[in-house]
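Student: Sequence and computational prediction follow.
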Amino acid sequence: MRSPGPSLPRIVAQVRSLVDRSALGVLIGLSVLLLVLGKADMKLASFLVERFSDAAVTVLRPLGEPIAAVRQGVDRVGELLAVHEENERLREENQRLLAWQAEAGRLAVQNRALRQMLQIPIPERSSAWTTARVVADSAGVFVRTVLIDAGAERGLTVGMPALAPHGLAGRVIDVGCCSARVLLITDFNSRVPVVIERSGDQALLVGDNSPEPGLRFLPLNPDFKVGDRVLTSGRGGLMPPGLMVGRIAAIDAGGKVAVQPQVDWSRLDHLSLLRFEAVPPPPVETGLAGR
Amino acid sequence: MSVLVAQPPRKPGRWLVGLVTGLAAVLLDLLPLPGAAGATVGPSVTLCVVYFWVVHDPDLLPPMVLFALGLVLDALGGMPPGLSALALLLVRLALLGSRRLLLAQPFVVVWAGFALVVLGFSAVRWVLAGLWWWHLFALKPSLLEALFTFAAYPPVGWLLARFHHGLAPRTARATRG
């Protein structure tokens, strides 16, 4: 004989529903709280995220292996199909590079001699590099960052330039023990002082989350054209001068200038981190430092 | 609640299935796949997985698991902590009342429901990210991401349906009833 009133499964289901709904409400509140706390105390949020990223890198690193292997396999097939043309291209490039090497050697000797004559100290070039693998990229459309599998244990510090094989990709913004986050030059928060190689015009490369960041704060009568090379200027002392950034891709009628970065975003497997000692800020606050 | 009476007894540890499939989706979203970094926009596989489980078997994705998935996505993706967690929890909240209705419909209607969820999800993230960074983000990338996510649902849903059927056929039939 069945007893009247609610059955046990029904009671369990009702309790379950209540718990789930309460948990949902509490966790939604907690998410909002995290957002507010993250905004109010960015250091705490970035500390927690760094610790978590350190732990996650150990999982993400082996998972990236098969992807890299597949990509290399596809590349290898493509290379085999075009090996003859590639060989011809490399021969021509080698000839050009040999000529440039000779020219660079001659200029280096001349430069050293001129510096000695003018008694300008010869700077010690920083050539310390370390290479790290990209293990994760940004989720979604709002940020352009990548997570790499090297951190403080390999000497990484905030601000270090990160380079892809052909040009500047970004700079380190967060460093954990064995992971770091790199802000790409296409991110809307990225600002890089640059110079147009041919004309010497100074500008600021400003990311806007699009593949082609723009140039801002140009001089009044800039003298450059589409195709000109854009290099880091070293202004502000945060980056070494002369790093390849890209080429001017378009200049529209309104004066907006777009730069095509010299980075193949689809093959961003590894990044080279340049150990660069930033120029210390001047002792007197001028109001312009850090811009 | 009549809806709840029809549900089978909860088996302990079922949420692990949701957690594992959710983490796999998060990794798919985060791993640097060809063409992903820096320039292009891709689908949110995580949202596809979350929608499927919340509609077909919400026991697999309790709020705590959704919250954890969102935090992982935020921490590793460089997003503000809590943003994706909040958006995913809101998806569950929005579907609580309508999942029964969706289950009784053909796939095309479920897919159309997903379109609304994707748009809502993208809108919530767009607004929250804009407020957090105090920046007016372009709408086009968000709409493109929503479109790709919408297009990715049929294959992801098909895979999960096969998996779900193989995992617990009796339970799946019961929830679909």
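Tutor: Perfect, I can see it now. Numbering: from 1, shown residues only, chains lettered A, B, ... in the order given.
Student: Least confident secondary structure element in chain B?
Tutor: Among the helices and strands of chain B, helix B:2-5 carries the lowest confidence by mean pLDDT, DSSP states H and E, at a mean of 38.
Student: could you point out which element follows it?
Tutor: As assigned by DSSP states H and E, the chain's next helix or strand after helix B:2-5 is helix B:15-30.
Student: Which is the succeeding secondary structure element to that next one?
Tutor: Sequence-wise, the next helix or strand downstream of helix B:15-30 (DSSP H and E) is helix B:45-56.
Student: can you list contacts of that following helix?
Tutor: Here helix B:45-56 makes contact (C-beta atoms under 8 Å, 6 or more residues apart in numbering or on different chains) with B:18, B:21-22, B:24-26, B:28-29, B:60-61, B:66, B:69, B:73, B:84, B:88, B:91-92, B:95, B:99, B:102-103, B:110, B:113-114, B:117-118, B:121, B:149, B:152-153, B:156-157, B:160-161, B:164, B:172, B:175-176. Any C-beta I mention is one placed from the backbone N, CA and C, and that applies to glycine too.
Student: just the residues you listed that are near chain A?
Tutor: Among the contacts of helix B:45-56, proximity to chain A is found for B:26, B:29, B:66, B:73, B:84, B:92 (C-beta under 8 Å from any C-beta of the partner chain).
Student: Would you mind checking the contacts of helix B:45-56 for buried ones?
Tutor: Among those, the ones that count as buried by 16 or more other C-beta atoms under 10 Å in any protein chain shown are B:18, B:21-22, B:25-26, B:28-29, B:60-61, B:66, B:69, B:73, B:84, B:88, B:91-92, B:95, B:99, B:102, B:110, B:113-114, B:117-118, B:121, B:149, B:152-153, B:156-157, B:160, B:164, B:172, B:175.
Student: Of those residues, which belong to helices?
Tutor: Those of the buried ones among the contacts of helix B:45-56 mapping onto helices are B:18, B:21-22, B:25-26, B:28-29, B:66, B:69, B:73, B:84, B:88, B:91-92, B:95, B:99, B:102, B:110, B:113-114, B:117-118, B:121, B:149, B:152-153, B:156-157, B:160, B:164, B:172, B:175, per DSSP state H.
Student: still on that earlier bit, among the ones next to chain A among the contacts of helix B:45-56, which two are most distant?
Tutor: Farthest pair in the ones next to chain A among the contacts of helix B:45-56 (C-beta to C-beta) is B:Asp29 and B:Arg92. Separation: 18.2 Å.
Student: count of residues packed around B:Ala138?
Tutor: As a burial measure, B:Ala138 scores 13 neighbours (other C-beta atoms under 10 Å in any protein chain shown).
Student: State the distance from the nearest residue to it once chain neighbours are set aside to A:Leu63.
Tutor: Closest residue to B:Ala138 apart from its sequence neighbours, by C-beta to C-beta, 6 or more residues apart in numbering or on different chains: A:Asn209 at 6.9 Å. Distance, A:Asn209 to A:Leu63, by C-beta to C-beta, to the nearest Å: 26 Å.
Student: How about B:Leu89?
Tutor: Per C-beta to C-beta, B:Leu89 is found 26 Å from A:Leu63.
Student: Repeat that for A:Gln110.
Tutor: 51 Å.
Student: Please say which of the two ends up with more neighbours.
Tutor: Ranked by neighbour count (other C-beta under 10 Å), A:Gln110 and A:Leu63 place A:Leu63 first, with 14 against 10.
Student: Need the per-residue pLDDT for residue 6.
Tutor: Answering for chain A, as no chain was given. Here the pLDDT value assigned to A:Pro6 is 63.
Student: actually chain B
Tutor: For B:Ala6, the predicted pLDDT is 43.
Student: ok, now the one 4 residues further on?
Tutor: Model confidence at B:Arg10, given as pLDDT, is 56.
Student: before we move on, what about A:Glu92?
Tutor: pLDDT for A:Glu92: 89.
Student: what about it, how many neighbours?
Tutor: Counted with other C-beta under 10 Å, A:Glu92 comes out at 9.
Student: helix or strand right after the helix or strand containing it?
Tutor: According to DSSP H and E, A:Glu92 maps onto helix A:83-118. Along the chain past helix A:83-118, the next helix or strand (assigned with DSSP H and E) turns out to be strand A:129-137.
Student: name the helices or strands packed onto that following strand?
Tutor: helix A:42-81, strand A:145-148, strand A:270-274, helix B:63-77 (3 or more C-beta pairs under 8 Å, 6 or more residues apart in numbering or on different chains; DSSP states H and E).
Student: at 10 Å what do you get?
Tutor: helix A:42-81, strand A:145-148, strand A:161-164, strand A:180-184, strand A:270-274, helix B:15-30, helix B:63-77 (3 or more C-beta pairs under 10 Å, 6 or more residues apart in numbering or on different chains; DSSP states H and E).
Student: buried sites along it?
Tutor: A:132-137.
Student: What of stretch B:53-67?
Tutor: B:53-63, B:65-67.
Student: and what of stretch A:9-25?
Tutor: Going by neighbour count (16+ other C-beta under 10 Å), the buried part of stretch A:9-25 is A:13, A:16, A:20, A:23-24.
Student: now swap in stretch A:88-106 and tell me
Tutor: By 16+ other C-beta under 10 Å, stretch A:88-106 has no buried positions at all.
Student: again with stretch A:258-274
Tutor: Applying 16+ other C-beta under 10 Å to stretch A:258-274 flags A:258-269, A:271, A:273-274 as buried.
Student: Stretch A:177-197 now?
Tutor: For stretch A:177-197, a neighbour-count test (16+ other C-beta under 10 Å) marks A:178-188, A:190-197 as buried.
Student: what about it, average pLDDT?
Tutor: 92.
Student: and what of stretch A:228-244?
Tutor: Stretch A:228-244 comes out with an average pLDDT of 87.
Student: Now do B:Ala129 against B:Val54, distance only.
Tutor: 23 Å.
Student: A:Ala108 now?
Tutor: For A:Ala108 relative to B:Val54 (C-beta to C-beta), the value is 65 Å.
Student: pLDDT on stretch B:94-101, on average?
Tutor: On average, stretch B:94-101 scores 86.
Student: And that stretch, end to end?
Tutor: Stretch B:94-101 has an end-to-end distance of 13 Å (criterion: C-alpha to C-alpha, to the nearest Å).
Student: low-confidence ranges in chain B?
Tutor: Low-confidence segments of chain B (pLDDT under 70): B:1-12, B:33-40, B:168-177.
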